[in-house]
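Provided below for reference: sequence and predicted model.
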Amino acid sequence: MSWQPAFEAAAEAAVHRLGAAHLRVLADRLGDGWPAQAARHAVPVPGFADLAGPVLEAQRASGLSGVEAAAYLRGLAAGHAQRSAAVRIEPVWSGPSTHPVPVRATAQVLVDLVGKATGELLLLSYSARRYPPLLAALAAAVKRDVAVTVVVETLAGARGALDGAEPAAAFGSLPGIEVWHWPSDQRVDEHAKMHAKIAVADRRVLLVSSANLTQSGVYRNIEAGLLVHGGTAPQRAAEHIAELQSRGVLTRLRSTS
């Protein structure tokens, strides 16, 4: 059996964004002979139809039968699940280093995470300021057609706890990214803050840190975090943010497209 590159590429993109379980559902629907439109909406989660569509279109264009396509997708899902089950966690620190205890620096980890993203990148930060190495890595990611989403606090939402320019202004020079926020009217308490600091690449790598996306946060301050490779945590973090977006809890602040 000869697989078509377009089908392989669409399937790879789908498994990285959807995960093994949802790809297996698509495989089952194809194997059972469901019509393409019904299979495209087999899992009612945000983004499923958008990723299943190219797989179904590539299957039709390549002439693969539903049974053949399902077999490939099941094998791909099994391999992805096996890789994802191997979890590796590393400590990450900002600030001064010590020679007896080598640790990975937040600034380098963050830039590397952005640089290795191939399809989707999600950043959350309370405060944000221009940090040239990060901006350069984000600009390169956009050129690779990585979908970049940044969620930040606003001055209004911070209620005086932040000063200076809006955190979103840190990304004002970057075309092609989406900037989101947590509107005040969606907060259960007027003192609630958008205080998360995480980065997720391709739903496979997750950085959880106390560091804001500022030079002080990723470089100068003493900040601590964990870098998680594999497992379900990266995907669940991205899914949670996607669900908050779909429910209108988070709304788009602006698009630089």
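Okay, I see it.

show me where this protein has strands.
For the chain, the strands defined by DSSP state E cover 88-93, 104-105, 120-125, 147-152, 177-181, 198-201, 205-209, 224-229, 251-255.

of those strands, which is nearest residue 76?
Residue 76 lies closest, by Cβ to Cβ, to one member of the strands of the chain: strand 120-125, at 17.6 Å. The C-beta positions use only the backbone N, C-alpha and C, and glycine is treated the same way.

who touches the closest one?
With Cβ atoms under 8 Å, 6 or more residues apart in numbering as the test, strand 120-125 has contacts from 16-17, 114, 138, 141, 146-153, 167, 194, 196-203, 212-213, 217, 237-238, 241.

distance of residue 33 from residue 97?
Using Cβ to Cβ, to the nearest Å, we find residue 33 at a distance of 59 Å from residue 97.

can you check residue 144 too?
In terms of Cβ to Cβ, residue 144 sits 31 Å off from residue 97.

over to residue 131?
Residue 131 is 19 Å from residue 97, by Cβ to Cβ.

so these two - more neighbours on which side?
Taking neighbours as other Cβ atoms under 10 Å, residue 131 and residue 97 compare with residue 131 leading, 22 against 11.

residues contacting that one?
Residues in contact with residue 131 (Cβ under 8 Å, 6+ apart) are 107, 170, 213, 214, 215, 218, 219.

mind running it again at 6 Å?
Residue 131 sits next to residue 215 when contact means Cβ atoms under 6 Å, 6 or more residues apart in numbering.
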